[in-house]
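Asker: Below: sequence and its predicted model.
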Amino acid sequence: MTEEEKMLSGKIYDTSDENLVKKRVNAHRWSKDYNNTYEDEEEKRAKILQKLLPDMGEGTYIQGPIQFDYGVNTKIGKNCFVNFNFVVLDCCPVTIGDDVFFGPNCTLVTPIHPFLKDERKIRFKENGTAYDLEYASPIRIKDGCWIASNVTICGGVTIGKDTIIGAGSVVTKDIPEGVFAAGNPCKVIRKITEEDSILLKKHLY
């Protein structure tokens, strides 16, 4: 297996691999390029996203600033909205469904580091190149989710469709569909029902 194949399959891989370094540098450059645009520069932004996120659905809007580790390992569906300061460390695949909303300051992190300090330390090859023992686990966010502001989603997590993750949550385990979940660590608070309809909130009209 190549180092990229190891990384994407969740095995320990060489973070200093030349191919992976090149892909990260490209993604970091394109992220910076996007962050340096104005939101009314639609054509310029679209061209950058075509390179950074080639698997992004129609109608999806990304406010920026953004930071992706690879970009090409992230799939985003149709009609999603991504607010300010979106960070995705997509060493393993990140799959985001259709109609998903992200509040400001959301972070999706697939990498996982060893618990033992001696295994976690930076290592050096004979030529002086630094690397570490690292692996990753995929993240899946299904259709219709709302990920509120300042949420962190850790590697290995799947969030079921139509679920809401409350502001400030740290999601370390799977969350089922159709629920409101929040906290650190994030836990299910209750199911979402028809009684949550905005049309029933008369004080809003």
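Answerer: Done, it's in.
Asker: For the rest of this, base every contact and every neighbour count on C-alpha atoms.
Answerer: OK.
Asker: Need the three-state assignment for the residue nearest in space to the middle of the chain.
Answerer: The centroid of the chain falls nearest to Leu108 when counting by Cα atoms, centre = their mean (3.3 Å). Recorded secondary structure, Leu108: strand (DSSP: H, G, I helix; E, B strand; the rest coil).
Asker: quick one: contacts for it?
Answerer: Val87, Val88, Leu89, Asp90, Ile139, Thr152, Ile153, Cys154, Gly155 (Cα atoms under 8 Å, 6 or more residues apart in numbering).
Asker: please redo it, this time with the cut-off set to 10 Å
Answerer: Going by Cα atoms under 10 Å, 6 or more residues apart in numbering, Leu108 touches 68, 86-90, 94, 138-140, 151-155, 157, 171.
Asker: from the residues you listed, which ones fall inside strands?
Answerer: Secondary structure from DSSP state E places Phe68, Phe86, Val87, Val88, Leu89, Val94, Ile139, Arg140, Thr152, Ile153, Cys154, Val171 of the contacts of Leu108 in strands.
Asker: would a markdown table of the residues you listed with pLDDT and neighbour count be doable?
Answerer: Formatted as a markdown table, those follow (pLDDT from 0 to 100; neighbours: other Cα atoms under 10 Å):
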| residue | pLDDT | neighbour count |
| --- | --- | --- |
| Phe68 | 98 | 25 |
| Phe86 | 98 | 21 |
| Val87 | 98 | 19 |
| Val88 | 98 | 21 |
| Leu89 | 98 | 22 |
| Val94 | 98 | 26 |
| Ile139 | 98 | 24 |
| Arg140 | 98 | 20 |
| Thr152 | 98 | 23 |
| Ile153 | 98 | 26 |
| Cys154 | 98 | 23 |
| Val171 | 98 | 25 |
